[in-house]
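**Student:** pasting the structure only:
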């Protein structure tokens, strides 16, 4: 499609719709992942009830236990169609594992693709699309799962990945990836389509492509990635030379830290077990209706984040979000402690308010930004490696948190469970404050330079370059003025070349 678009229309580089369209279509696979993540909220409570096989659901007549439900909640995946026709619990486990592989791949590749196709002014907004579509998938699962039959829920869920496959196949590859594969001509075609530049010569396209070439070349030279060395051998040889001053090491620490702390906040435990949570809280609203409200709040706050992330920056949103992840789980723990020791019949609305405020503030910052920062901070040559391992650690913790939630509730109670999540979030605030840099408005080169030399040296470098430029410009201007004055003094009263000619 990119090849066909070249030459069809030319206009100045004001149009950004191709970037947004490619990013939205790419994140449809993330929406499928959101459906998988939200599946357990309506499905697990349903499977824990007794249903005859002739009700059209293909559900088991034997209700599943809490232990089996925790496995289904933790084995995240997109085996939606399989789930509709299977009634043996081990096969449901297998379906969740298979779909988990797809979700893991989608959430690894999509943020990288969106970062590489976007220009500086749209990078923050487009970088949030991955989380927005994940949230849309969760809301989709909450709503359809609440009102559709068990079989219909799974069939409808299949429509999203099918549409993604049919639509995204026409989108261009990212220019950065093509340059890394030394396909310069294809990279230029892709960039022209993404920037809506047509096929006419354009200085801005040439300049952006040259910057991308320099970035890729510098990254490959730093890592020696041009040499075809086996991955394990590369890791083995690199380990003795690792130091915290290395941009790769710093980026890895920040990426892994954010991915781990995101899950230790307990956000996925809340989302995976929303219906169960509101049942335990004794909410006056239907647990399914409450979960839909939570899903809608999640989508809304992610959309707000995409609008303000390039205005406020990443660090302020992360700190505010992690602060809320410390406060609201602690308040939820206090509510459950109160419920265990007293009468809360007149205050059953409190959990709904607390959970919605938690999701609202969490999704503005700590929900979407770890994936965005992962794509922004990773060096080009190691982006796949870092994002793969970072999200691997994330999904391992998704499994652990969602699998152990019911065990923790049974073992230490709801108050201590949410209190523990609050403590981890407090640790996350300290991590963000001291280690996570601001990337708002910075090019890829500037981000890597700051990781390598630190913020003060990076700022001094920019300041020195500007000072040098200003000094040079002033010196040239003064020299030109003095030369002009000297020329006037030397030639005062003498005929000039022009007056002689006249």
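**Tutor:** Noted; the coordinates are in hand. All of these numbers come straight from a predicted model, not from anything done at the bench.
**Student:** low pLDDT regions in the stretch 301-450 of the chain?
**Tutor:** In the predicted model of the stretch 301-450 of the chain, residues 381 satisfy pLDDT under 70.
**Student:** Helices of that one, residue ranges please.
**Tutor:** 314-341, 350-364, 369-377, 383-435, 444-453 (DSSP state H, counting those that start in this stretch).
**Student:** mind putting these in TSV, mean neighbour count and distance to residue 186 included?
**Tutor:** In this view, the C-beta of every residue, glycine as well, is placed from N, C-alpha and C. Shown next, in TSV, are the helices of the stretch 301-450 of the chain (neighbours: other Cβ atoms under 10 Å; distance: least, Cβ to Cβ, whole Å):
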stretch	mean neighbour count	distance to residue 186
helix 314-341	20	32
helix 350-364	22	37
helix 369-377	26	21
helix 383-435	18	19
helix 444-453	19	20
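**Student:** Packing partners of the helix or strand harbouring residue 126?
**Tutor:** Assigned by DSSP states H and E, residue 126 falls within helix 123-147. On a contact count with 3 or more Cβ pairs under 8 Å, 6 or more residues apart in numbering; DSSP states H and E, helix 123-147 meets helix 17-26, helix 28-47, helix 89-117, helix 150-157, helix 287-312, helix 369-377.
**Student:** would CSV of the ones you listed with distance to residue 454 be doable?
**Tutor:** Converted to CSV, those look like this (distance: least, Cβ to Cβ, whole Å):
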stretch, distance to residue 454
helix 17-26, 32
helix 28-47, 34
helix 89-117, 23
helix 150-157, 47
helix 287-312, 23
helix 369-377, 14
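**Student:** Can you say which of these is nearest to residue 442?
**Tutor:** Each of the helices and strands packed on helix 123-147 has some distance to residue 442 by Cβ to Cβ; the shortest is helix 369-377, at 8.3 Å.
**Student:** so the closest one versus helix 287-312, what angle?
**Tutor:** Here the directions of helix 369-377 and helix 287-312 differ by 30 degrees (axes from the mean of the first three to the mean of the last three Cα atoms, to 10 degrees).
**Student:** And helix 369-377, what does it pack against?
**Tutor:** When contacts are defined as 3+ Cβ pairs under 8 Å, 6+ apart, helix 369-377 sits against helix 89-117, helix 123-147, helix 247-264, helix 287-312, helix 314-341, helix 383-435, helix 444-453.
**Student:** which other residues reach it?
**Tutor:** 107, 111-112, 114-116, 123-124, 127-128, 130-131, 250-251, 254-255, 258-259, 262, 305, 309, 314, 317-318, 321, 383, 386-387, 390-391, 394, 436-437, 439, 444, 447, 451 (Cβ atoms under 8 Å, 6 or more residues apart in numbering).
**Student:** So residue 164 is in contact with residue 35, correct?
**Tutor:** No: in this structure, residue 164 is not within contact of residue 35 by Cβ atoms under 8 Å, at 11.6 Å.
**Student:** So the two - more neighbours on which side?
**Tutor:** Higher neighbour count among residue 164 and residue 35: residue 35, with 30 against 19, using other Cβ atoms under 10 Å.
**Student:** Tell me, how many residues neighbour the closest residue to the more buried one other than its chain neighbours?
**Tutor:** Of all residues beyond its chain neighbours, the one nearest residue 35 is residue 137 (4.3 Å), with distances taken as Cβ to Cβ, 6 or more residues apart in numbering. A count of nearby residues for residue 137, using other Cβ under 10 Å, gives 29.
**Student:** Local confidence estimate at residue 137?
**Tutor:** pLDDT, residue 137: 90.
**Student:** so who does residue 143 touch?
**Tutor:** Listed by Cβ under 8 Å, 6+ apart, the contact partners of residue 143 are 292, 295.
**Student:** Next one: it relative to residue 155, how far apart?
**Tutor:** Between residue 143 and residue 155 the distance is 15 Å, computed by Cβ to Cβ, to the nearest Å.
**Student:** my read: residue 37 touches residue 137, true?
**Tutor:** Yes: using Cβ under 8 Å, residue 37 is in contact with residue 137, at 7.0 Å.
**Student:** can you pull the buried residues of the helix holding residue 126?
**Tutor:** By 16 or more other Cβ atoms under 10 Å, the buried positions in helix 123-147 come out as 123-146.
**Student:** report the angle between the axes of it and helix 287-312?
**Tutor:** Compare the direction of helix 123-147 with that of helix 287-312 by the same axes, to 10 degrees and you get 180 degrees.
**Student:** by how many degrees do helix 123-147 and helix 150-157 diverge?
**Tutor:** Put simply, helix 123-147 runs at 160 degrees to helix 150-157, going by the same axes, to 10 degrees.
**Student:** how many degrees apart are helix 123-147 and helix 314-341 in direction?
**Tutor:** An angle of 30 degrees separates the directions of helix 123-147 and helix 314-341 when computed by the same axes, to 10 degrees.
**Student:** From what I see, residue 127 and residue 114 are in contact.
**Tutor:** Yes: Residue 127 is within contact range of residue 114, at 5.9 Å (criterion: Cβ under 8 Å).
**Student:** Tabulate the helices and strands packed on helix 369-377 in CSV, adding columns for distance to residue 218.
**Tutor:** Formatted as CSV, the entries for the helices and strands packed on helix 369-377 read as follows, by distance: least, Cβ to Cβ, whole Å:
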stretch, distance to residue 218
helix 89-117, 16
helix 123-147, 19
helix 247-264, 11
helix 287-312, 25
helix 314-341, 24
helix 383-435, 14
helix 444-453, 8
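**Student:** For residue 363, find the nearest of those.
**Tutor:** Ranking those by distance to residue 363, with Cβ to Cβ as the measure, places helix 287-312 first at 3.8 Å.
**Student:** which of the residues in that closest one are buried?
**Tutor:** Applying 16+ other Cβ under 10 Å to helix 287-312 flags 287-303, 305-306, 308-310 as buried.
**Student:** That one relative to helix 350-364, how many degrees between them?
**Tutor:** Note on geometry: by the same axes, to 10 degrees, helix 287-312 and helix 350-364 are set 30 degrees apart in direction.
**Student:** how close does residue 368 sit to residue 454?
**Tutor:** Taking Cβ to Cβ as the criterion, residue 368 is separated from residue 454 by 27 Å.
**Student:** out of these two, which sits in the busier spot?
**Tutor:** Using other Cβ under 10 Å as the criterion, residue 368 and residue 454 rank with residue 368 on top: 28 against 14.
**Student:** Which residue is the nearest non-sequential neighbour of that one?
**Tutor:** Taking Cβ to Cβ, 6+ apart, and ignoring the residues beside it in sequence, residue 368 has residue 131 as its nearest neighbour in space, at 3.2 Å.
**Student:** ditto for residue 365
**Tutor:** Counting by Cβ to Cβ, 6+ apart, the nearest residue to residue 365 once its immediate chain neighbours are dropped is residue 321, at 2.8 Å.
**Student:** How about the contacts made by the one you found?
**Tutor:** Residues counted as contacts of residue 321 (Cβ under 8 Å, 6+ apart) are 361-367, 369.
**Student:** tell me which of those is nearest to residue 19?
**Tutor:** Comparing the contacts of residue 321 against residue 19 with Cβ to Cβ places residue 369 closest, at 19.4 Å.
**Student:** so how far is residue 309 from the closest one?
**Tutor:** From residue 369 across to residue 309, the span is 7 Å (Cβ to Cβ).
**Student:** where do the contact lists of the two overlap?
**Tutor:** Taking Cβ under 8 Å, 6+ apart as the contact criterion, the common neighbours of residue 369 and residue 309 are residue 317.
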